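J.: give me coordinates for this.
(3 chains)
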Amino acid sequence: MYGLVDGNNFYVSCERVFQPRLDGRPVVVLSNNDGNVVSRSAEAKALGIAMGAPYFQVRELLRYHQGHALSSNYALYGDMSRRVMARLAEQVPAVEVYSIDEAFLDLHGLTTWCGTLDSRAQALRRDVLACTGIPTCVGMAPTKTLAKVANRLAKKYPELQGVLRLDTDSRRERALRVLPAADVWGIGRQYAQLLTAHGIGTAWALSQVSEVWARKHLGGVVGWRVVQELRGQPCQGLQASEDGTLARQSIRCSRSFGQRLTALEDLWGAVSTYLSRAAEKLRAQGEQAHLLTVFLTQDRYDTRVPPPYTRSATLTLPSGPTNDTLRLLAYGRRLLERIYEPDRRYVKAGVVLDGLEPPGRGQQLDLFTPAAASPTVTEDRRQPLMACVDALNQRFGRGTVRPAAAVTAVGQPTPWQGNAQYRSPAYTTRLTDLLLVG
DNA sequence: TCTGGGGTCCTAGGACCC
DNA sequence: TCTGGGGTCCTAGGACCC
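T.: Numbers count the residues shown, from 1 in each chain, chains lettered A, B, ... in the order given. As a prediction, the model looks like this:
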């Protein structure tokens, strides 16, 4: 039996823990750059503000109803997330941290020693609320996909008091019949449209399609798994996370700029910043990457620009995997120059590190470089430098030590810097931002 | 004027290897 | 003129998730 715990309106709930004045009002949290709505309070949902709505479209509505919009504060949400996950890990055999606000639980054997599953789930919710201030809902079922269904309905119907268990055929059928197929985990916009066209409206109808049909129309084996899981056949197990964190298979860092950029050197300032940050994450995870991607994106809402909006270039690092910022920067520059075109107006850039593995798994030497000058040798000497940079940035704040390309003249604004006008303090992770009570 | 960021998995063709 | 089978890697792209 699987459980799925999900924080209600997670980002808004995090903000409300420290700003009770936000209670009872429409509140939204915005994406980076104050672009889109990414979290909404119940009051904001009631106003009809859609998930992902551009802020400029809802700004007036929100103001009229005396609501609040906040820039996203990932330092706060990340820390609150760790607190929630830690509470869960204390109380169940295994936890898979699925996203910043969601975790799958292994509920094996919980009934036998401590009451019914439902009462256990309620106790879990009370504990998380009491210890972190975050309200949650819990769904329980024999497959992850059904646990997601249960969680969804637990949120939708308040009379369920935040908990729903789907462990019998009749309960399962009742639930699937009221859930739109589009709300099933794994059914996105494209598939939802296709299902509608075929007269498949509910999750129940989706669970009745044939294997051949699912494989043909829903992306092969992926779609078939969704159908099987809706029928109660588990296709995926729990991937337990060690100490509440998950080792990633790829690391990405990308940002929208505060303004359009055209100059190569401005773009390089952004890309080198993101690449340094990605390399730092890579080292924190104790791994090396052997694939590097750089991408540039143009304004996809500008009708004068024909698609594709994003150009990317990927390089398999010729001298093997690395987590050395300086080497990644050298390759990153080449990739950027490969995709950069003058006279284009770019809105966003990013980097991806892929092919991650722990260090020391047979390094590839370059045939044409003398061994003493090979990248891996100079790099070994640079490991202490990287460790030092990481330590400085951790102690004195991100960007204390950064690539020269990312440094602007004193008093000059950073050309690529995004907007974050309504950011709340880092209440739980920065000493000077501690909440004062008095 | 203003439209996010960071992930996962799968497919598929071509290069290359034995 | 005939032209294998199975494997991995590389690269790009497409779908999905929160």
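J.: now residue A:35: phi and psi?
T.: Dihedral angles of residue A:35 (phi, psi; degrees, to the nearest 10) stand at phi -90, psi -60.
J.: so who does it touch?
T.: Residue A:35 makes contact with A:54-55, A:256 under the criterion C-beta atoms under 8 Å, 6 or more residues apart in numbering. C-beta: built from backbone N, CA, C; applies to glycine.
J.: closest one of those to residue A:422?
T.: Within the contacts of residue A:35, proximity to residue A:422 (C-beta to C-beta) peaks at residue A:55, which comes in at 9.9 Å.
J.: partners of the residue nearest to residue A:40 when sequence neighbours are not counted in the sheet?
T.: The spatially closest residue to residue A:40, leaving aside those adjacent along the chain, is residue A:28, at 5.2 Å (C-beta to C-beta, 6 or more residues apart in numbering). Judged by DSSP bridges, the bridge partners of residue A:28 are residue A:40, residue A:69.
J.: I figured residue A:28 hits residue A:72, correct?
T.: No - contact between residue A:28 and residue A:72 fails when scored by C-beta atoms under 8 Å: they sit 10.4 Å apart.
J.: between the two, which has more neighbouring residues?
T.: residue A:28 (28 against 22; other C-beta atoms under 10 Å).
J.: who's in contact with the more buried one?
T.: By C-beta under 8 Å, 6+ apart, the residues touching residue A:28 are A:12, A:37, A:39-41, A:44, A:49, A:55, A:58, A:62, A:67-70.
J.: can we see that at 7 Å?
T.: For residue A:28, the residues meeting the contact criterion (C-beta atoms under 7 Å, 6 or more residues apart in numbering) are A:37, A:39-40, A:44, A:49, A:62, A:69.
J.: roughly how far does it sit from DNA strand C?
T.: Taking C-beta to the nearest atom of the strand, to the nearest Å as the measure, residue A:28 falls 15 Å from DNA strand C.
J.: check what pLDDT that residue gets.
T.: Each residue has a pLDDT score; the one for residue A:28 is 96.
J.: what's the answer for residue A:434, then?
T.: In the prediction, the pLDDT value recorded for residue A:434 is 81.
J.: circling back: and the contacts of residue A:35 as JSON lines, adding pLDDT and distance to DNA strand C?
T.: Putting the contacts of residue A:35 into JSON lines (pLDDT from 0 to 100; distance: C-beta to the nearest atom of the strand, whole Å) gives the following:
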{"residue": "A:54", "pLDDT": "91", "distance to DNA strand C": "15"}
{"residue": "A:55", "pLDDT": "93", "distance to DNA strand C": "17"}
{"residue": "A:256", "pLDDT": "86", "distance to DNA strand C": "15"}
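J.: out of those residues, which are inside helices?
T.: The members of these that map onto helices under DSSP state H are residue A:55.
J.: how about JSON lines for the contacts of residue A:35, with neighbour count added?
T.: Formatted as JSON lines, those follow (neighbours: other C-beta atoms under 10 Å):
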{"residue": "A:54", "neighbour count": "14"}
{"residue": "A:55", "neighbour count": "19"}
{"residue": "A:256", "neighbour count": "19"}
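J.: of the contacts of residue A:35, closest to residue A:277?
T.: Looking at the contacts of residue A:35 and their distance to residue A:277, the nearest is residue A:256, at 15.2 Å (C-beta to C-beta).
J.: so in terms of bridging, what pairs with that closest one?
T.: Under the criterion used here (DSSP bridges), residue A:256 is bridged to residue A:348.
J.: gap between the residue in the stretch 101-250 of chain A that DNA strand C sits nearest to and residue A:227?
T.: With C-beta to the nearest atom of the strand as the measure, the residue in the stretch 101-250 of chain A that lies nearest DNA strand C is residue A:188; the distance is 2.4 Å. Counting by C-beta to C-beta, to the nearest Å, the gap between residue A:188 and residue A:227 amounts to 15 Å.
J.: who's more crowded, these two?
T.: Set side by side, residue A:188 and residue A:227 show unequal neighbour counts under other C-beta under 10 Å, the larger going to residue A:227 at 23 against 10.
J.: so who does the residue lying closest to that one once chain neighbours are set aside touch?
T.: Nearest residue to residue A:227, sequence neighbours excluded (C-beta to C-beta, 6+ apart): residue A:214, at 4.7 Å. Under the criterion of C-beta under 7 Å, 6+ apart, the neighbours of residue A:214 are A:223-224, A:227.
J.: repeat that for residue A:172.
T.: Contacts were defined as C-beta under 7 Å, 6+ apart; by that measure residue A:172 touches A:146, A:166, A:232.
J.: run the last query once more with 8 Å
T.: Residue A:172 sits next to A:141, A:146, A:166, A:232 when contact means C-beta under 8 Å, 6+ apart.
J.: run a quick neighbour tally on the third one.
T.: To tie it back to what came earlier, the one meant is residue A:166. Around residue A:166 there are 23 residues (other C-beta under 10 Å).
J.: which residue, neighbours along the chain excluded, lies closest to it?
T.: Residue nearest to residue A:166 in three dimensions, not counting chain neighbours: residue A:141, with 4.2 Å by C-beta to C-beta, 6+ apart.
J.: look up phi and psi at that neighbour.
T.: Per-residue torsions, residue A:141: phi -170, psi 170 (degrees, to the nearest 10).
J.: that one contacts residue A:149, correct?
T.: Yes - proximity of residue A:141 to residue A:149 meets the contact threshold set by C-beta under 8 Å, at 6.9 Å.
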